[in-house]
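Engineer: I would like the atomic coordinates for the input below:
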Amino acid sequence: MVTVHPMPLAEAADGTALHYEVHGSGRPLVLLSGQSNSHRWWDPVRDDFAAAYRTVVLDWRGTGESGHPETDSYSTPGFARDVVAVLDHAGIERAHVYGTSMGGRVAQWIAADHPGRVDRLVLGCTSPGPPHGIERGPEVRAALSQPDAAAANRALKELMYTPGWIARQGEGAVFHTLGDPAMPPHARRRHLRASARHDSWDALPRITAPTLVVHGTDDVFNPTANAPLLTERIPGARMRLVPGARHAYFEEFADIATPLVLGFLAEEGAEGA
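Structural biologist: Model prediction:
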């Protein structure tokens, strides 16, 4: 059984409360969720990582049990500072960092701006940002912005998972990657803006942590073409593509993706604190 360590709230530099949980034991591993999602994003696979690592998951500001400030404090570099505040509160000097989607954008800033805090870095289904990255197409944007909320939700689900996998989950299945349902509208807007304004292009060459870039081959939500861009920009980075996977490759294709990431983290020379 995985050990769960309930933790008090950490505090960001601006006083925002930051909720986090620690699962398992061993070397530290931080798992970072996508835009407008809480730590529940990782629920389907978290125990697989916590079986090998002291795994930290957190609620971004604006989600879950963290604070929901109505300020202009939402940005991917700012989220990175929030993660560092959580590590400080948990007494973790150095950790592996695995970020997916917007969490991968945040992970880029942690590795570039706080290199002493990162052992190994995994960037999943993510991008360097609009100025140099490949953005989703107009048809994807139209599907997500349609006025019928149920249709937009179905479109998001199909961007995350293959139709066959969705069908196998059955009626009433819970999907933790479709956004925090309790998130207030002001925070949702700020998350969207923070992710859209992300631009790490000039910072990427500063990353010194051994880096693995992972992406699904069929991801059009955050196009797969971003994976080679990141790989070429980060010194020594490696890339692995998951055949047939869409945006939530880490959940639907966990039988491939989780061993891939665990193998990378366990490579000789990896250090933890």
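Engineer: for the stretch 1-150 of the chain, which segments count as helices?
Structural biologist: Assigned by DSSP state H, counting those that start in this stretch, the stretch 1-150 of the chain shows helices spanning 46-50, 76-90, 102-113, 138-144, 149-160.
Engineer: so for residue 240, which of these sits nearest?
Structural biologist: With CB to CB, the closest approach to residue 240 among the helices of the stretch 1-150 of the chain belongs to helix 102-113: 13.9 Å. C-beta coordinates here come from the backbone N, C-alpha and C atoms, glycine included.
Engineer: mean confidence (pLDDT) on that closest one, please.
Structural biologist: Here helix 102-113 scores 98 as its mean pLDDT.
Engineer: next, the angle from that helix to helix 76-90.
Structural biologist: Orientation check (axes from the mean of the first three to the mean of the last three CA atoms, to 10 degrees): helix 102-113 against helix 76-90 gives 80 degrees.
Engineer: which pLDDT value does the model give residue 2?
Structural biologist: Predicted confidence (pLDDT) for residue 2: 54.
Engineer: ok so, going back, mind putting the helices of the stretch 1-150 of the chain into a markdown table with mean neighbour count?
Structural biologist: Putting the helices of the stretch 1-150 of the chain into a markdown table (neighbours: other CB atoms under 10 Å) gives the following:
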| stretch | mean neighbour count |
| --- | --- |
| helix 46-50 | 20 |
| helix 76-90 | 21 |
| helix 102-113 | 27 |
| helix 138-144 | 13 |
| helix 149-160 | 16 |
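Engineer: now those helices in TSV, with distance to residue 256?
Structural biologist: Below are the helices of the stretch 1-150 of the chain laid out as TSV (distance: least, CB to CB, whole Å):
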stretch	distance to residue 256
helix 46-50	12
helix 76-90	27
helix 102-113	18
helix 138-144	24
helix 149-160	16
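Engineer: surely residue 92 is in contact with residue 29?
Structural biologist: No: Residue 92 is beyond contact range of residue 29, at 9.9 Å (criterion: CB atoms under 8 Å).
Engineer: more crowded one of those two?
Structural biologist: residue 29 (27 against 20; other CB atoms under 10 Å).
Engineer: and the gap between residue 17 and residue 256?
Structural biologist: For residue 17, the distance to residue 256 (CB to CB, to the nearest Å) stands at 37 Å.
Engineer: I am finished for the moment; much appreciated.
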